[in-house]
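1. turn this into a model:
(one chain, ligands or ions: 1)
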Amino acid sequence: MTEQLVRIENLKKYFPVRTGVLSRTTGFIKAVDDISFSVNKGETYGLVGESGSGKSTTGRVILQLQQPTSGKVFFRDREISTLNSRQLHAMRKEMQIVFQDPYSALNPRMTVGEAIAEGLAAHRLAAGRGLQEMAISVMESCGLSAYHYSRYPHEFSGGQRQRIVIARALSLQPSFVVADEPVSALDVSIQAQIINLLKNLQEKYHLTYLFISHDLGVVRHVSDNVGVMYLGTLVEEAPKKEFYAHPLHPYSKALLSAVPTTDPLAKKQRIALKGQIPNPAAPPPGCRFHTRCPHVMTVCRDTVPLLRTVAPGHSVACHLV
Ligand code: SF4
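-> Numbering: from 1, shown residues only. Coordinates of the predicted model:
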């Protein structure tokens with residue numbers, strides 16, 4: 001039976017827009033605007049959307065790296081958005097993040113061993129000689145060698161640096177990892193290695209992932225469930241197989257049409273989206289996607305489509321469906 005590890009309810013994250021010499025708040029950027037979903041234990045939830053859709057902010061708010069404006073975040077059924085800093089410190093060990101850019105995620109003045117041991121010491125998971133042994137053990141499970149322990153980040157390639165970042169996150173033995181575009185800064189040839197590493201580690205340590213990506217091709221390889229975000233809202237959610245076989249929202253269909261296929265016989269018509277994602281400080285009324293939707297109707301311009309369940313586990317927010 002599936003068990004939820006993380007659940008978010010009506011989550012909002014607004015950033016104030018300040019202007020003038022007095023820095024008055026003149027509006028809000030609605031980066032995340034009332035979304036709810038859950039991540040099952042041992043599974044991967046793929047959160048997709050273009051840049052600016054709010055998916056990275058969602059990941060950070062779940063980890064409490066940013067405070068939500070409103071809404072609730074539950075971890076193992078315990079609400080964590082109200083924890084104090086001491087309680088949060090203890091919780092952080094359980095919830096880790098792997099950032100997109102392995103170059104800026106590592107301190108150039110720290111050796112690989114120091115970077116990994118730092119977290120182990122801060123959470124008192126090991127001390128003295130045990131610290132080094134534990135760090136080396138996790139490095140080896142991430143495809144690094146013991147002799148890398150005293151090397152500096154600049155001595156590694158992009159793929160190896162991402163292995164170090166992953167090793168640092170996993171050294172605390174978390175149960176939940178937010179992987180925020182973990183392969184998009186890497187060469188295509190290296191991406192598959194890191195994806196395979198993440199999958200192997202998930203199996204070995206029973207990890208649960210929130211996998212954030214703009215690349216639906218990559219998300220297909222790792223996810224059990226997929227959620228599509230557009231301008232701060234969730235527009236479609238479904239189990240992976242259902243989503244890739246029967247996408248329903250016009251935005252999901254457009255994103256999927258851009259995924260390259262290796263099947264030479266597959267006929268694919270690319271759906272080109274008009275323009276850029278609108279400004280989240282002034283989202284369009286009605287359906288937020290209406291300014292770019294090829295199927296826009298009159299109702300779409302003033303009535304917000306609600307996220308409705310259309311099949312088991314499959315929800316979509318569109319007046320067409
Ligand atoms: Fe397009 Fe209307 Fe559906 Fe929005 S609600 S996705 S504008 S058809």
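2. what about residue 32, neighbour count?
-> Neighbourhood size, residue 32 [other CB atoms under 10 Å]: 30. (Glycine included, C-beta is placed from N, CA and C.)
3. so it is in contact with residue 58, correct?
-> Yes: if you go by CB atoms under 8 Å, residue 32 and residue 58 touch, sitting 5.3 Å apart.
4. between those two, what contacts are shared?
-> 11, 13 (CB atoms under 8 Å, 6 or more residues apart in numbering).
5. the spatially most central residue of the chain pairs with what?
-> Geometric centre of the chain, nearest residue: residue 212, 2.7 Å, by CA atoms, centre = their mean. When bridges are called by DSSP bridges, residue 212 pairs up with residue 47, residue 180.
6. thought residue 181 was touching it, still the case?
-> Yes: shown here, residue 212 and residue 181 form a contact pair, counting by CB under 8 Å, at 5.9 Å.
7. name the residues contacting each of these two.
-> residue 56.
8. pretty sure residue 138 is touching residue 170, no?
-> Yes: assessed by CB under 8 Å, residue 138 is found in contact with residue 170 at 5.6 Å.
9. part of a strand, is residue 119?
-> No: with DSSP: H, G, I helix; E, B strand; the rest coil as the criterion, residue 119 is helix rather than part of a strand.
10. now do it: how many residues are near it, please.
-> The tally of other residues near residue 119 (other CB under 10 Å) stands at 18.
11. centre of the chain to the lengthiest helix in the chain, how far?
-> Ranked by residue count under DSSP state H, the longest helix found in the chain is helix 188-205. In terms of CA atoms, centre = their mean, to the nearest Å, the centre of helix 188-205 is set 16 Å apart from its chain centre.
12. got the buried residues for it?
-> 190-191, 193-195, 197-198, 201-202 (16 or more other CB atoms under 10 Å).
13. so residue 5: helix, strand or coil?
-> On the basis of three-state DSSP, residue 5 is classed as strand.
14. how near is it to residue 293?
-> 34 Å (CB to CB, to the nearest Å).
15. what separates the first and last residues of stretch 254-273, distance-wise?
-> 7 Å (CA to CA, to the nearest Å).
16. show me which residues of the lowest-mean-pLDDT helix or strand in the chain are buried.
-> When the helices and strands of the chain are compared on mean pLDDT, DSSP states H and E, helix 85-92 comes out lowest with a mean of 86. Of all the residues in helix 85-92, those buried under the rule 16+ other CB under 10 Å are 91-92.
17. so which residues on the stretch 201-321 of the chain come close to the ligand?
-> 249-250, 287, 289-290, 293, 295-297, 300, 305, 318-320 (CB under 6 Å from any ligand atom).
18. filter those residues down to the buried ones and hand me the ChimeraX line.
-> Buried subset of these, written as a ChimeraX selection, criterion 16+ other CB under 10 Å:
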select :249,250,287,289,290,293,296,300,305,318,319
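19. what is the most widely separated pair among the residues of the stretch 201-321 of the chain next to the ligand?
-> Within those, two members stand farthest from each other by CB to CB: 249 and 297, at 14.3 Å.
20. regarding the nearest residue to residue 103 once chain neighbours are set aside, what is its secondary structure?
-> In space, residue 103 comes closest to residue 161 once its chain neighbours are excluded; the distance is 6.6 Å by CB to CB, 6 or more residues apart in numbering. Three-state assignment for residue 161 (three-state DSSP): helix.
21. what about the closest residue to the ligand within the stretch 51-200 of the chain, how many residues nearby?
-> Residue of the stretch 51-200 of the chain nearest the ligand, by CB to the nearest ligand atom: residue 53 (14.2 Å). Residues near residue 53, counting by other CB under 10 Å, number 26.
22. quick check: pLDDT value at it.
-> We have a pLDDT of 92 for residue 53.
23. go on, the one 5 residues further on?
-> With respect to pLDDT, residue 58 has a value of 97.
24. in a strand, it, correct?
-> No: using three-state DSSP, the assignment for residue 58 is helix, not a strand.
25. nearest to the ligand: which residue in the stretch 101-250 of the chain?
-> residue 250 (4.6 Å).
26. who are the contact partners of that residue?
-> 271, 289, 293-295, 318, 320 are the contacts of residue 250 under CB under 8 Å, 6+ apart.
27. with residue 216 instead?
-> Residues counted as contacts of residue 216 (CB under 8 Å, 6+ apart) are 48, 255-256, 258-259.
28. which of the residues you listed fall in strands?
-> Among the contacts of residue 216, DSSP state E puts residue 48 in strands.
29. are any of the contacts of residue 216 buried, and which?
-> Here, 16+ other CB under 10 Å leaves 48, 255-256 buried among those.
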